[in-house]
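In: A predicted structure for the sequence below; I have some questions about it.
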Amino acid sequence: MGDREQAHTHLAKRLRLVPHYGRNLDALADCLGEIGEPTTILVRNADQIARRLGAYGERLLTVLHDAAQKNGNIDLVIPKDVRNKR
């Protein structure tokens, strides 16, 4: 997810979002709110997403977090970066 376009392409594919997905954070929040079956979202390298996408990456991660808080069908998993543990 090196830029916004890649991020939304990846999310649309991996989360099997509707074809008319608007490819922005509001549309992502709407789609996540409509998930009606148990779904685990695993976010690898969250630190790199935030670094590459800057404030947009931080907002994207917030959208995912907020959706998991609001929709009981979503289990958000963001592992700690083991490279930084010593």
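Out: Yes, it's here.

In: low-confidence stretches in this structure?
Out: 81-86 (pLDDT under 70).

In: what is the three-state secondary structure of the most centrally placed residue in the chain?
Out: Taking C-alpha atoms, centre = their mean, the centroid of the chain lies closest to Leu64, which sits 4.7 Å from it. Here Leu64 is helix, with the state taken from DSSP: H, G, I helix; E, B strand; the rest coil.

In: residues touching it, list them.
Out: 32, 41, 43, 76 (C-beta atoms under 8 Å, 6 or more residues apart in numbering). (Glycine included, C-beta is placed from N, CA and C.)

In: could you report the separation of Pro33 from Arg51?
Out: Wrong residue type there; residue 33 is Gly, not Pro. 27 Å (C-beta to C-beta, to the nearest Å).

In: Thr39 too?
Out: Counting by C-beta to C-beta, the gap from Thr39 to Arg51 is 26 Å.

In: now swap in Leu25 and tell me
Out: 18 Å.

In: comparing the two, which residue is more hemmed in?
Out: Leu25 (17 against 11; other C-beta atoms under 10 Å).

In: correct me if wrong, but Arg16 is in a helix.
Out: No: checked against three-state DSSP, Arg16 lies outside a helix; its state is coil.

In: next, count neighbours for it.
Out: 11.

In: OK, contacts around it?
Out: Per C-beta under 8 Å, 6+ apart, neighbours of Arg16: none.

In: between the contacts of Leu64, which is nearest Ala68?
Out: Leu76 (3.7 Å; C-beta to C-beta).

In: where along this protein do the helices fall?
Out: 4-14, 25-33, 46-53, 55-70 (DSSP state H).
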